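**Student:** Got a sequence here, can you build the structure:
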Amino acid sequence: MKMLSFGCNSLREGVTTAIVFSIAGVLLILTARFIIPAISYLPHIIMLSGSVLLLFVPVIIVATILKNRKA
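**Tutor:** Sure thing, here's the model as predicted:
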């Protein structure tokens with residue numbers, strides 16, 4: 001049985017994915033802070049999704065490094 005493979009195929013893809021997640025997370029947080037009106041907790045929901053994206057960045061980096069290490 002094959003184990004689930006998590007992480008990107010190369011370090012370059014992993015870093016690029018982490019940068020994209022970081023930029024998207026920061027933009028979502030800034031959007032929730034300054035642009036979205038306070039209607040029915042909408043800024044909180046958008047800020048939470050941006051925070052989740054930022055929390056995935058170290059997971060992506062670590063999983064990519066572990067997947068591509070030389071055994």
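**Student:** how about Gly25, what does it touch?
**Tutor:** Gly25 sits next to 50-54, 57 when contact means C-beta atoms under 8 Å, 6 or more residues apart in numbering. Quick note: C-beta positions are derived from backbone N, CA and C, even for glycine.
**Student:** any idea which element it lies in?
**Tutor:** helix 11-34 (DSSP states H and E).
**Student:** Return the residues in contact with the residue most central in space within the chain.
**Tutor:** By C-alpha atoms, centre = their mean, the chain has its centre lying nearest to Leu53, at 3.3 Å. Contact analysis of Leu53 by C-beta under 8 Å, 6+ apart lists 21-22, 24-25, 28.
**Student:** Next, the angle helix 11-34 makes with the one helix or strand it maps to.
**Tutor:** With elements taken from DSSP H and E, the one containing Leu53 is helix 42-67. Counting by axes from the mean of the first three to the mean of the last three C-alpha atoms, to 10 degrees, helix 42-67 lies at 170 degrees to helix 11-34.
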